[in-house]
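> Dropping the sequence and predicted coords here.
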Amino acid sequence: MFFEMVATLVSGFAGAGVVLLLNKISGGRLPKWAMPVGAGLAMILTTIANEYAWYDRTQETLPEGMEVIQTVENKAIYRPWTYVAPFTERFIALDEPSLRTHEAHPAMRLVDVYFFGRWSAPEKMVMLADCDAGKRAPLIDGVSFDANGEISGIDWFAPGEGDPLVTAICKLEVS
């Protein structure tokens with residue numbers, strides 16, 4: 001975030017410099033308001049470029065074995081260009097190497113899921129999926145496992161057919 005702010009300020013100075021250069025070339029014919037408008041436009045364009053580049057930059061930094069399974073795009077009335085081309089504001093990534101199963105219950109899969117947001121720190125959640133029943137549940141306080149792999153204290157959620165999280169977890173190869 002700090003680097004984006006610095007880039008925005010630098011682009012403002014660059015925009016003002018371009019207008020100053022154009023004013024010199026034109027012999028001082030540009031109005032006085034042209035320089036702040038040029039600086040402001042440069043800063044707005046830099047901010048827009050950073051919003052659209054965030055997802056690609058963040059995705060490139062993910063470690064090997066981390067797969068993006070769902071993205072959330074944003075449109076806003078105060079950003080009219082997003083109706084033409086929405087930008088990715090959040091995404092969910094699955095840490096494939098973290099997959100764990102119990103030999104007595106191979107359809108039950110435990111995996112780390114990460115939630116990334118544009119202006120927030122990544123959050124990690126351990127997710128349990130029952131591939132036979134097509135349901136999932138986050139592992140939170142109060143959930144326990146016994147030696148046979150039986151689970152108690154879990155609150156299952158059945159999202160229905162085509163849930164990207166359950167689908168991605170259940171398609172992972174168990175090693």
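Ah, there it is. Numbers count the residues shown, from 1 in each chain.
> these two touch, right, F87 and N74?
Yes - with contact defined as CB atoms under 8 Å, F87 reaches N74; the gap is 5.9 Å. In short, each C-beta sits where N, CA and C put it, glycine included.
> sec struct for the residue of the chain positioned farthest from its centre, please.
Outermost residue of the chain with respect to the C-alpha centroid, by CA atoms, centre = their mean, is G27; its distance is 48.0 Å. State at G27, reduced to three classes by DSSP: H, G, I helix; E, B strand; the rest coil: coil.
> now do N23
helix.
> Please tell me I have it right and it contacts R29.
Yes - the criterion here is CB under 8 Å, and N23 meets it with R29 at 7.4 Å.
> Would you check how far apart R118 and A16 are?
For R118, the distance to A16 equals 28 Å [CB to CB, to the nearest Å].
> if we can go back for a sec, between N23 and R29, who's got more neighbours?
N23 (17 against 9; other CB atoms under 10 Å).
> Spatially, what comes nearest to the more buried one if we skip its sequence neighbours?
In space, N23 comes closest to L30 once its chain neighbours are excluded; the distance is 4.4 Å by CB to CB, 6 or more residues apart in numbering.
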